[in-house]
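**Q** Just the structure for this:
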Amino acid sequence: MTDLFSKFDALIQQREDLLSTGQRDPFSLVMEQVRSPTVAVVNGKETILLGTYNYMGMTFDDDVIQAGKTALDEFGTGTTGSRVLNGTYQGHRECEEALKEFYAMDHAMVFSTGYQANLGIISTIAGKEDYILLDIDSHASIYDGCALGDAQIVPFRHNDVEALEKRLKRLPAEAGKLVVLEGVYSMLGDVAPLNEMVRVCKEAGAMVLVDEAHSMGFIGEHGRGVAEAQGVIDDVDFIIGTFSKSVGTVGGFCVSNHPKFEVMRLVCRPYVFTASLPPSVVATAATSIRKLIHGGNKRAHLWENSKKLHAGLKQRGFTLGTNEAQSAIIAVIMPDLERGAAMWEALLDEGLYVNLARPPATPANMTLLRCSLCAEHSSEQVDEILGMFERAGKKVDVI
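**A** Reported below is the predicted structural model:
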């Protein structure tokens, strides 16, 4: 009998080799207590959190927590049903109304996760005779949405406007075309040139979907993302997002002004054939979203944190994923997996948690430490983080 797990042998061996050196497993860390959006207890030690995507620090907001508790008391723990059957409660509608208000758009559709939002929307709107064009560095959920559907897939070089334009021109003029982009790419924290890309798409008659998972709540005057910041939000057909980052809970969504959008509730399989979010989750999401509308001061402070950390790491000799701070993500490039894992552990010993990212999740086979800043990080914490990086970098010979 062929062992279906044999395809993973190389990965299993790589992990065993790494752990045999005494290295802690970077992918099985447990947070024993979480005390705030920026501090947890890990391995019995108070640890600064710099790898949680909790960009706006809403997880411990008093109003958000109270909304969840109230919904839990009034509606119970779960819906036990699909949105198209018994799984739409008043809170689900209120959450969608909050999204429509936040984005100033006509339609909003809430999914059980952000992953399912991409999976469902992409696989449903592009059919057998259609084309999907996507950035080669797109998130796994985007690739999986393409794989689930029947459309023909056309990848193009990362953030390359000219490459996108050339591929669009090669396609039949009458064919349906969907271009899938991201506002912020999650590994390096770099921003897409959406203003140029959206223009090229519209000139070619293509519809545009932008995943704003890592920019919603933070980037743009109203926190609507990179499309807003670059002045093209009105030309974007679909915006995908998640509740598990700036909103501070779990879930996903799509907003749109397309007049036929509501039919998606009947034909989108990852929406129809799964249980809806618990009442407490949509209550916390709706409350958080409405507060983010007025989050200008938090957005400004998060930008200060991001710029300070980026400049400080660069000054200390670290190689970073971008030349300047473009988002709340700062990627620190490591020479290889072994030293990346050693650096991750040295930082944890210092009292700092970051994400260790490795191929194939990373572009160009990079190993990197991904730092995700929070609006609740104080300026003093950023100073402390820089000191931790400097000491750990010298300890493992990275700087």
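**Q** following the lengthiest helix in the chain, which helix or strand comes up?
**A** Criterion DSSP state H: the longest helix present in the chain is helix 296-315. Of the helices and strands lying after helix 296-315 in sequence (DSSP states H and E), the nearest is strand 329-334.
**Q** between that following strand and helix 296-315, how many degrees?
**A** 20 degrees (axes from the mean of the first three to the mean of the last three CA atoms, to 10 degrees).
**Q** What lies in contact with strand 329-334?
**A** 184, 186-189, 214, 306, 309-310, 313, 318-322, 340, 343, 354, 357, 366-373, 389, 398 (CB atoms under 8 Å, 6 or more residues apart in numbering). C-beta: built from backbone N, CA, C; applies to glycine.
**Q** One more: stretch 4-16?
**A** The set of residues external to stretch 4-16 that reach it, using CB under 8 Å, 6+ apart, is Asp25, Leu337.
**Q** Can you point out the buried residues in it?
**A** Judged by neighbour count (16 or more other CB atoms under 10 Å), stretch 4-16 contains no buried residues.
**Q** What residues of the longest helix of the chain count as buried?
**A** Applying 16+ other CB under 10 Å to helix 296-315 flags 298-299, 301-303, 305-306, 308-310, 312-314 as buried.
**Q** try stretch 176-193
**A** 176-193.
**Q** model confidence over it, on average?
**A** Averaging pLDDT along stretch 176-193 yields 97.
**Q** That one: end-to-end distance?
**A** Using CA to CA, to the nearest Å, one end of stretch 176-193 lies 23 Å from the other.
**Q** Make 324 the first number, not 1, from now on.
**A** I'll keep to 324 as the first residue from here, and by that count the last item is stretch 499-516.
**Q** just the strands in the stretch 424-573 of the chain please.
**A** 430-434, 454-458, 475-479, 500-505, 530-534, 561-565 (DSSP state E, counting those that start in this stretch).
**Q** what's the offset of the helix or strand of the chain with the lowest mean pLDDT from the middle of its chain?
**A** One helix or strand of the chain scores below all others by mean pLDDT, DSSP states H and E: helix 332-342, with a mean of 90. A distance of 28 Å separates the centroid of the chain from that of helix 332-342, by CA atoms, centre = their mean, to the nearest Å.
**Q** C-terminal to that helix, what's the next element?
**A** Following helix 332-342 in sequence order, the next helix or strand is strand 354-357 (DSSP H and E).
**Q** Dump that next one to PDB, restricted to CA.
**A** Taking C-alpha atoms only, strand 354-357 is exported to PDB below (Å, rounded to 0.1, in the frame of the first residue of the first chain):
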ATOM      1  CA  MET A 354      -0.100  31.400  25.000                       C
ATOM      2  CA  GLU A 355      -1.000  30.500  28.600                       C
ATOM      3  CA  GLN A 356      -2.500  33.900  29.300                       C
ATOM      4  CA  VAL A 357      -3.400  37.000  27.200                       C
END
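**Q** Can you give the strand pairings for whichever helix or strand comes after that strand, parallel or anti for each?
**A** Following strand 354-357 in sequence order, the next helix or strand is strand 362-365 (DSSP H and E). When pairing is defined by DSSP bridges, strand 362-365 lines up against strand 354-357 (antiparallel), strand 368-372 (antiparallel).
**Q** possible to save those strands as TSV with mean pLDDT and distance to Leu395?
**A** Converted to TSV, the strands paired with strand 362-365 look like this (pLDDT from 0 to 100; distance: least, CB to CB, whole Å):
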stretch	mean pLDDT	distance to Leu395
strand 354-357	97	19
strand 368-372	97	25
